[in-house]
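Peer 1: Task: produce atomic coordinates for the following.
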Amino acid sequence: MTARRLLVLTAALLSLPVGAAAADIAARPDVRVLHCARLLDTAAGRMLGETSVVVDGNRIRELHAGAVDIEPYRKQAGAAGGSFEYIDLPGSTCLPGLIDSHTHLTMEFSRSTYSDKFRLDPADYAIRSTVYARRTLLAGFTTVRNLGDAHNESIALRNAINAGIVPGPRIFSAGQFIGTTGGHADPTNGYRADLAGDPGPKDGIIDSPGDAWKAVRQHYKDGADLIKIMPSGGVLDESSSADNAQMTLEEIKAVVAAAHDYGFTVAAHAHGAEAIRRAVLGGVDSIEHGTYMDDADMKLMKEHGTWFVPTIIAGKFAEEKAKEGWYPPQVAAKAEQVGPIIQATAGKAYRAGVKIAFGTDAGVYPHGGNAKEFLYMVQAGMPPMFVLQAATTHAAELLHKQDELGRIAAGRRADVIAVPGNPLDDIGAMQHVSFVMKDGIVYKDGGKPTL
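Peer 2: Numbers count the residues shown, from 1 in each chain. Have a look, this model is predicted:
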């Protein structure tokens with residue numbers, strides 16, 4: 001904690017009971033004034049100059065050009081029995097809290113991943129996820145879509161974060177993956193016959209439209225926030241194809257119909273062109289990865305308003321680790337095919353006018369490195385302003401939370417981050433987040449964690 005924050009917080013913190021949680025602090029009628037050297041207006045797509053942001057509790061109250069007189073705010077907070085903070089961010093650019101539209105916070109690939117699944121219990125993954133969640137938040141990502149886990153661990157993680165038990169981003173969880181027998185979501189791929197069994201809809205494995213309805217209803221029962229399906233092969237499972245079609249159009253339509261009945265959006269993992277076509281025609285809300293997307297797919301996605309989440313960093317990381325011997329031979333072969341293609345496809349989709357939201361497939365690569373995706377997107381031909389909007393306004397729209405997230409504006413959630421310098425001049429600045437506020441609580445200041 002820096003001296004400028006310590007002076008204004010001391011009295012308030014001394015009044016808290018020992019062991020008070022973040023949720024207790026958030027409930028107090030606190031007022032904070034952030035003074036930013038610059039502020040990115042993501043809705044208008046322009047960089048503002050010196051700006052003061054007034055935060056009241058977990059909401060942004062107002063914005064002012066330049067500096068403001070802080071005394072009225074200090075007195076107001078004191079009269080209400082709350083605390084006051086003035087936080088100066090010299091030389092920094094303030095941005096809305098970032099949104100990663102594709103994460104897996106309950107796992108992280110390593111050399112031992114394929115044997116770990118026989119050694120680790122769901123509780124092991126759940127405990128590790130608390131570490132990954134904190135790293136993600138401290139990297140400036142205050143909101144994520146968690147697109148699949150094995151035992152609904154991310155739902156438990158979401159609940160613990162919401163209760164203030166552990167620090168982490170706001171999570172929208174898809175719970176278990178939904179796929180077909182032997183497909184990318186089948187958790188028993190690579191198992192010997194006596195261990196494989198026959199996973200069904202309760203396990204996220206479907207083989208008919210009827211199974212699809214059962215699986216979606218199970219997700220509703222489990223407390224998921226959205227649905228993730230696997231209509232194509234994938235890179236890191238132990239099958240031979242990354243791009244073959246693995247769900248029928250009828251199965252996809254059934255998932256989407258059931259999901260929309262229950263208020264869910266549907267994200268579709270799809271590398272192959274035919275799988276992408278079926279997913280778009282089936283009515284999914286987003287295509288994830290999209291490596292082998294062709295011109296016809298892009299045209300169809302524009303017609304249907306389907307979002308694209310590229311995840312370039314995951315493809316590049318998997319290619320690199322395949323060459324280092326991390327994966328079984330059939331997996332390495334797929335990774336070396338997908339890695340060189342995925343970035344070019346993302347650039348082509350941008351030039352074609354496909355709607356793009358930021359997402360990384362975190363967990364394929366180490367958590368906390370999410371911001372490197374910005375660099376890869378710019379290298380693919382996307383302007384810096386566009387890629388920052390992809391992680392803010394676009395991603396908020398994909399979540400149907402555009403009235404809550406993705407902008408620093410009055411009435412919005414008090415999710416604010418800061419980076420040194422101007423990221424429009426150097427997108428690499430996004431990998432050096434120095435300040436993180438989520439829901440009005442400061443988790444990082446001066447480059448150091450505060451909670």
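Peer 1: from here on, contacts and neighbour counts on C-alpha atoms
Peer 2: OK.
Peer 1: Just give the nearest non-adjacent residue to residue 283, would you?
Peer 2: residue 256 (6.3 Å; C-alpha to C-alpha, 6 or more residues apart in numbering).
Peer 1: Helix or strand: which one has the one you found?
Peer 2: Residue 256 is part of helix 249-261, with elements assigned from DSSP states H and E.
Peer 1: can you check residue 301 too?
Peer 2: helix 295-304.
Peer 1: Show residues contacting that helix.
Peer 2: 273, 276-277, 280, 283, 307, 349, 352-355 (C-alpha atoms under 8 Å, 6 or more residues apart in numbering).
Peer 1: of the residues you listed, closest to residue 156?
Peer 2: Residue 156 has its nearest neighbour among the contacts of helix 295-304 in residue 307, at 27.5 Å by C-alpha to C-alpha.
Peer 1: And that closest one, how close does it get to residue 224?
Peer 2: Separation of residue 307 from residue 224 (C-alpha to C-alpha, to the nearest Å) stands at 20 Å.
Peer 1: ok, these two, which is more surrounded?
Peer 2: In terms of neighbours (other C-alpha atoms under 10 Å), residue 307 is the more surrounded of residue 307 and residue 224; the figures are 23 against 20.
Peer 1: in stretch 288-301, what's buried?
Peer 2: For stretch 288-301, a neighbour-count test (16 or more other C-alpha atoms under 10 Å) marks 288-294, 297-298, 300-301 as buried.
Peer 1: From residue 394, how far off is residue 372?
Peer 2: Going from residue 372 to residue 394 by C-alpha to C-alpha gives 18 Å.
Peer 1: Over to residue 132. Which of the three states is it?
Peer 2: Remark: residue 132 carries the secondary structure label helix [criterion: DSSP: H, G, I helix; E, B strand; the rest coil].
Peer 1: Which residues are in contact with residue 316?
Peer 2: Under the contact definition (C-alpha under 8 Å, 6+ apart), the residues listed for residue 316 are 339-340.
Peer 1: ok but it is inside a strand, no?
Peer 2: No: note on residue 316: no strand contains this position according to three-state DSSP, which reports helix.
Peer 1: Let me know the pLDDT of it.
Peer 2: In the prediction, the pLDDT value recorded for residue 316 is 97.
Peer 1: What's the separation between it and residue 186?
Peer 2: 24 Å.
Peer 1: same question, residue 328
Peer 2: In this structure, residue 328 and residue 186 are 17 Å apart, going by C-alpha to C-alpha.
Peer 1: which of those two has more neighbours?
Peer 2: Looking at residue 328 and residue 186 with other C-alpha under 10 Å, you find the greater number of neighbours at residue 186, namely 25 against 14.
Peer 1: In three-state terms, label the spatially closest residue to residue 185 that is not a sequence neighbour for me.
Peer 2: Distance criterion C-alpha to C-alpha, 6+ apart; nearest residue to residue 185, sequence neighbours excluded, is residue 179 at 4.9 Å. Classification of residue 179 into helix, strand or coil gives strand, according to three-state DSSP.
Peer 1: From residue 256, how far off is residue 306?
Peer 2: Counting by C-alpha to C-alpha, the separation of residue 306 from residue 256 is 13 Å.
Peer 1: let me redo that: residue 180
Peer 2: In this view, residue 180 and residue 256 are 15 Å apart by C-alpha to C-alpha.
Peer 1: before we move on, back to that, tell me what the helix holding residue 256 is packed against?
Peer 2: Identification of packing neighbours for helix 249-261 by 3 or more C-alpha pairs under 8 Å, 6 or more residues apart in numbering; DSSP states H and E yields helix 209-222, helix 273-282.
Peer 1: what residues does it touch?
Peer 2: Helix 249-261 has contacts (C-alpha under 8 Å, 6+ apart) with 207-210, 212-213, 216-217, 226-227, 231, 265-266, 278-279, 281-284.
Peer 1: wait, isn't residue 245 in contact with residue 274?
Peer 2: Yes: here residue 245 reaches residue 274: they are 6.3 Å apart, a contact under C-alpha atoms under 8 Å.
Peer 1: When those two are compared, which one has more neighbours?
Peer 2: Neighbours around residue 245 and residue 274, counted as other C-alpha under 10 Å, are more numerous at residue 245. The numbers are 23 against 20.
Peer 1: what's near enough to touch that one?
Peer 2: Residue 245 sits next to 231-233, 272, 274-275 when contact means C-alpha under 8 Å, 6+ apart.
Peer 1: Leaving out chain neighbours, which residue sits closest to residue 286?
Peer 2: Per C-alpha to C-alpha, 6+ apart, closest to residue 286 is residue 307, 4.4 Å.
Peer 1: is it true that the one you found touches residue 359?
Peer 2: No: distance between residue 307 and residue 359: 11.2 Å, which falls outside the contact criterion (C-alpha under 8 Å).
Peer 1: Just the buried positions in the longest strand seen in the chain, please.
Peer 2: Longest strand of the chain, by residue count under DSSP state E: strand 84-96. For strand 84-96, a neighbour-count test (16+ other C-alpha under 10 Å) marks 84-89, 92-96 as buried.
Peer 1: what's the following helix or strand after it?
Peer 2: Proceeding N to C from strand 84-96, the next assigned helix or strand is strand 98-103, under DSSP H and E.
Peer 1: helices or strands next to that following strand in the packing?
Peer 2: Packed against strand 98-103, as judged by 3+ C-alpha pairs under 8 Å, 6+ apart, are the following elements: strand 141-146, helix 393-398.
Peer 1: Out of those, which is closest to residue 427?
Peer 2: Of all the helices and strands packed on strand 98-103, the one in closest proximity to residue 427, counting by C-alpha to C-alpha, is strand 141-146 (15.7 Å).
Peer 1: give me the element residue 124 is part of.
Peer 2: Under the criterion of DSSP H and E, residue 124 resides in helix 122-138.
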